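Trainee: quick one, fold the following:
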Amino acid sequence: MINVLVNGAAGRMGSEVVRSIAAEEGLTVCGAVDPGAAGKDLGEVVGIGHNGITISPSLEEAFAKGKPDVVVDFTSPKVIYKNAGYVLEQGVNMVIGTTGLTAEQRKELAAIADKTGANGLVAPNFSLGAVLLMKVSAEIARYLPNAEIIELHHNHKYDAPSGTAKLTAEKMAAARMKDPEPDDTKESLPGVRGGKYEGITIHSVRLPGYVAHQEVLFGGYGEILTLRHDSLDRKSFMPGVMLACRKCMTVKGLVYGLENYLE
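Mentor: Numbering: from 1, shown residues only. Next up, the predicted model:
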């Protein structure tokens with residue numbers, strides 16, 4: 001049995017993780033952290049009925065009750081680096097779904113993991129469909145280098161662009177075999193063409209009603225190729241999170257991207 005502590009347990013993603021683990025064979029929730037719901041019964045907060053687990057206000061207080069095998073973190077970009085540093089310093093494995101970590105911060109966290117023997121995953125997206133979209137996008141970018149990304153999320157998402165869009169752009173840029181044709185458009189309204197990341201334009205949409213969606217548009221001579229992935233419910237992320245909880249027990253080091261756990 002793998003004991004999992006959920007950080008951000010009362011949030012939209014965290015509560016879905018708690019419910020999924022409760023129904024998953026071989027995994028069990030052993031603790032929860034969420035400052036906004038501290039002192040409350042976890043089961044009652046996430047809607048599965050009283051389960052006797054009291055939500056802690058901090059990781060430090062939760063760990064004082066006993067270390068888990070894995071910490072799943074869906075909190076905020078403002079605190080994820082501190083959270084991850086603390087967990088990995090304790091030698092505890094970690095699954096990070098919170099976006100906002102820079103490449104340098106991931107490198108520093110990987111060094112901590114190597115030092116303490118902890119394992120972990122930083123994943124911008126846990127949807128298997130989204131991971132496959134990234135893989136296919138990189139393959140297409142080899143032959144159609146002119147491309148743009150449109151990512152659409154709910155209006156309560158903390159960051160823009162999404163971590164998924166940035167990782168997609170990274171993979172596409174690395175796969176390109178030739179430079180894209182220049183864009184001769186001049187902006188009459190600053191920012192209307194989106195933002196550049198790794199040389200690829202990304203457009204972020206934030207509106208009520210969306211969950212997580214991404215389009216990758218490729219342009220060629222006389223043709224357009226469009227890829228799109230839609231997560232219609234947060235349940236779409238749960239198979240990936242459950243897989244990560246298991247895989248981080250054995251896959252060494254801190255890795256970036258769920259695709260590393262699919263190989």
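Trainee: what's stretch 150-164 in contact with?
Mentor: 76-77, 99-100, 124-125, 130, 134, 149, 165, 195, 197, 202-215, 217 (CB atoms under 8 Å, 6 or more residues apart in numbering). In this view, the C-beta of every residue, glycine as well, is placed from N, C-alpha and C.
Trainee: just the buried positions in it, please.
Mentor: Buried residues in stretch 150-164, counted by 16 or more other CB atoms under 10 Å: 150-153, 157, 161-164.
Trainee: distance from the chain centre to that stretch, please.
Mentor: 11 Å (CA atoms, centre = their mean, to the nearest Å).
Trainee: got the end-to-end distance for it?
Mentor: End-to-end distance of stretch 150-164 (CA to CA, to the nearest Å): 11 Å.
Trainee: which outside residues touch stretch 38-53?
Mentor: Residues from elsewhere that reach stretch 38-53 (CB under 8 Å, 6+ apart): 9-10, 15, 18-19, 22, 29-32, 34, 37, 54-57.
Trainee: what about the residue nearest to residue 177 when sequence neighbours are not counted, distance to residue 223?
Mentor: Nearest residue to residue 177 in three dimensions, chain neighbours excluded: residue 142, at 5.2 Å (CB to CB, 6 or more residues apart in numbering). To residue 223, residue 142 is 16 Å away according to CB to CB, to the nearest Å.
Trainee: higher neighbour count, these two?
Mentor: Looking at residue 142 and residue 223 with other CB atoms under 10 Å, you find the greater number of neighbours at residue 142, namely 12 against 8.
Trainee: pull out the buried members of the contacts of stretch 150-164.
Mentor: Buried members of the contacts of stretch 150-164, scored by 16+ other CB under 10 Å, are 99-100, 124-125, 130, 134, 149, 165, 197, 202-204, 210-215, 217.
Trainee: so which of the residues you listed are in helices?
Mentor: Using DSSP state H, the members of the buried ones among the contacts of stretch 150-164 that fall within helices are 130, 134, 165.
Trainee: identify the farthest-apart pair in the buried residues of stretch 150-164.
Mentor: Spanning the widest gap among the buried residues of stretch 150-164 are 150 and 163, at 15.4 Å by CB to CB.
Trainee: tell me how many other residues crowd the closest residue to residue 203 other than its chain neighbours.
Mentor: Excluding its sequence neighbours, the residue lying closest to residue 203 (CB to CB, 6+ apart) is residue 194, at 4.1 Å. Counted by other CB under 10 Å, the residues lying close to residue 194 total 15.
Trainee: same question for residue 261.
Mentor: Neighbours of residue 261 under the rule other CB under 10 Å: 19.
Trainee: who are the contact partners of it?
Mentor: 121, 243-244, 247-248, 251, 255.
Trainee: quick revisit: residue 107: which of the buried residues of stretch 150-164 is nearest?
Mentor: Nearest to residue 107, judged by CB to CB, of those is residue 163 at 16.2 Å.
Trainee: where in the stretch 151-263 of the chain is pLDDT low?
Mentor: Residue ranges of the stretch 151-263 of the chain with pLDDT under 70: 263.
Trainee: and residue 51, what element?
Mentor: For residue 51, there is no enclosing helix or strand under DSSP states H and E.
Trainee: could you check how many residues crowd around it?
Mentor: Residue 51 has 16 nearby residues by other CB under 10 Å.
Trainee: distance of it from residue 2?
Mentor: For residue 51, the distance to residue 2 - CB to CB - is 17 Å.
Trainee: one more: residue 144?
Mentor: Taking CB to CB, one finds residue 144 at 42 Å from residue 2.
Trainee: one more: residue 58?
Mentor: With distances taken as CB to CB, residue 58 is found 22 Å from residue 2.
Trainee: so for the two, which sits in the more crowded spot?
Mentor: Relative neighbour count places residue 2 above the other of residue 58 and residue 2, with 18 against 15, counting by other CB under 10 Å.
Trainee: in this structure that one contacts residue 69, no?
Mentor: Yes - using CB atoms under 8 Å, residue 2 is in contact with residue 69, at 5.0 Å.
Trainee: which residues do the two both contact?
Mentor: Counting by CB under 8 Å, 6+ apart, the shared contacts of residue 2 and residue 69 are residue 249.
Trainee: I am finished for the moment; much appreciated.
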